[in-house]
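Chemist: Mind folding the following:
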Amino acid sequence: MDHRALIASIPPEAKERLQLRSDAAGLKHLAAYGIVLAGTSACIALRVPLWPLFILPQGILLVFLFTLSHECTHKTPFRSGWLNDVIGHLVSIPIALPFTWFRYFHLAHHKWTNHPEKDPELGGKPRPGNWRDLLIYLSGWPYWSGMAKVLMQNAFGRIDAPYLPARQHRAMRIEARLLLVLYVLVGLSLLYSSVLFWLWILPVLIAQPFLRLYLLAEHGLCPSVANMLENSRTTFTNRIVRFLAWNMPYHAEHHAFPNVPFHQLPALHDWTRAHLKSTSEGYSDFSLDYMKSLK
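Modeler: Have a look, this model is predicted:
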């Protein structure tokens, strides 16, 4: 059974329940996330004993805001559409991700998941196939350089990717210019204070390998086929990772039925469990499998 047949087999009333969005569920999760992030930020800012040990957790919390931004592109974390848009824009700032652009980039990824030429996440290039390419990927350099290129192109160049609708070009241009101004101001602030370096810049740089490895597991080693239960991986992991990633380790489920909000993905997993084709028993298992595939 492929994902289309599976979703069609779910009774209408169950399907309706799975798609119920909730401001309360989204805000509760966001508040818990914010409390943890505020705690690590306070420890760094106040220079508590052993404060440098909080820099890595701070970075992990910041870079995993990507998963909330990703959810907001689908308008599923919150019931209110405006809340999805506002939160999506805000949480994308620390990771230099232009949210309006990313929404259409990501929708194209859903349409062409794991297609070697058409999936924009691949950009016509295979995933890392040797140790050198993997280390470069894990460093985050391809991401940061890619986002710098996107911001500059959207701000001053030609917006011509086929998946970016013309009606949104102006919004993307304004968004990119505002972000560039903000980042210039942040850079200038470092001349007067190092607080943003310790709270933001260094943490997001050193935590990139954790996010990159997590993202690699979503589709890495999965075949280039149309079935979302096969071209996307569900990774069985602990509550901490599921909390950080807004339940996105249930990634095959998400691709099979992207209208399902994060808090309903465990319930959707009950329907998909017997039909999943690509799974891993944790990120350590996936990493070992991926390393064995390297040339």
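Chemist: Can you pull out the low-pLDDT segments for the stretch 151-295 of the chain?
Modeler: By pLDDT under 70, the stretch 151-295 of the chain contains no weakly predicted segment.
Chemist: And the strands in it, which stretches?
Modeler: Secondary structure of the stretch 151-295 of the chain by DSSP state E, counting those that start in this stretch: the strands cover 234-235, 279-280.
Chemist: Leaving out chain neighbours, which residue sits closest to Thr76?
Modeler: Closest residue to Thr76 in three dimensions, ignoring its sequence neighbours and counting by CB to CB, 6 or more residues apart in numbering: Pro261, at 4.1 Å. In this view, the C-beta of every residue, glycine as well, is placed from N, C-alpha and C.
Chemist: that older thread, and Ala176, which of the strands of the stretch 151-295 of the chain is closest to it?
Modeler: strand 234-235 (32.9 Å; CB to CB).
Chemist: Give me the helices and strands touching the closest one, please.
Modeler: helix 251-256, strand 279-280 (3 or more CB pairs under 8 Å, 6 or more residues apart in numbering; DSSP states H and E).
Chemist: Out of those, which one sits most buried?
Modeler: Most buried of those by mean neighbour count (mean count of other CB atoms under 10 Å) is helix 251-256; its value is a mean of 26.
Chemist: contacts for it?
Modeler: Applying CB atoms under 8 Å, 6 or more residues apart in numbering, the contact partners of helix 251-256 are 3, 6-7, 110, 113, 218-219, 228-235, 248, 260, 265, 268-269, 272, 276-279.
Chemist: filter these to the buried ones?
Modeler: Neighbour counting by 16 or more other CB atoms under 10 Å classes 3, 6-7, 113, 218-219, 228-235, 248, 260, 265, 268-269, 272, 276-278 among these as buried.
Chemist: if we can go back for a sec, in JSON lines: the strands of the stretch 151-295 of the chain, plus distance to Gln153.
Modeler: Shown next, in JSON lines, are these (distance: least, CB to CB, whole Å):
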{"stretch": "strand 234-235", "distance to Gln153": "33"}
{"stretch": "strand 279-280", "distance to Gln153": "35"}
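Chemist: which stretch among these comes nearest Gly39?
Modeler: strand 234-235 (26.7 Å).
Chemist: got the contact list for that closest one?
Modeler: For strand 234-235, contacts defined as CB under 8 Å, 6+ apart pick out 217, 249-253, 269, 272, 276, 278-280, 282-283, 286.
Chemist: And for stretch 83-92?
Modeler: Stretch 83-92 has contacts (CB under 8 Å, 6+ apart) with 23, 26, 30, 65, 68-69, 72-73, 75-78, 98-100, 102-103, 175.
Chemist: buried ones in it?
Modeler: 83-85, 87-89, 91-92.
Chemist: Closest one of these to Ala166?
Modeler: Among those, Asp85 lies closest to Ala166 (CB to CB), at 19.9 Å.
Chemist: ok now the strand or helix carrying the closest one, how far from the chain's centre?
Modeler: Take DSSP states H and E as the rule and Asp85 turns out to sit in helix 81-92. Taking CA atoms, centre = their mean, to the nearest Å, one finds helix 81-92 lying 14 Å from the centre of the chain it belongs to.
Chemist: What's the first helix or strand after that helix?
Modeler: Helix 81-92 is succeeded, C-terminally, by helix 99-111 (DSSP H and E).
Chemist: got the angle between that next one and helix 81-92?
Modeler: The directions of helix 99-111 and helix 81-92 differ by 100 degrees, with axes from the mean of the first three to the mean of the last three CA atoms, to 10 degrees as the criterion.
Chemist: wait, what's in contact with the closest residue to Lys277 other than its chain neighbours?
Modeler: The shortest distance from Lys277 to any non-neighbouring residue, by CB to CB, 6+ apart, is to Glu230 (3.7 Å). Contacts of Glu230 were listed using CB under 8 Å, 6+ apart, and they are 2, 222-223, 252, 277-278.
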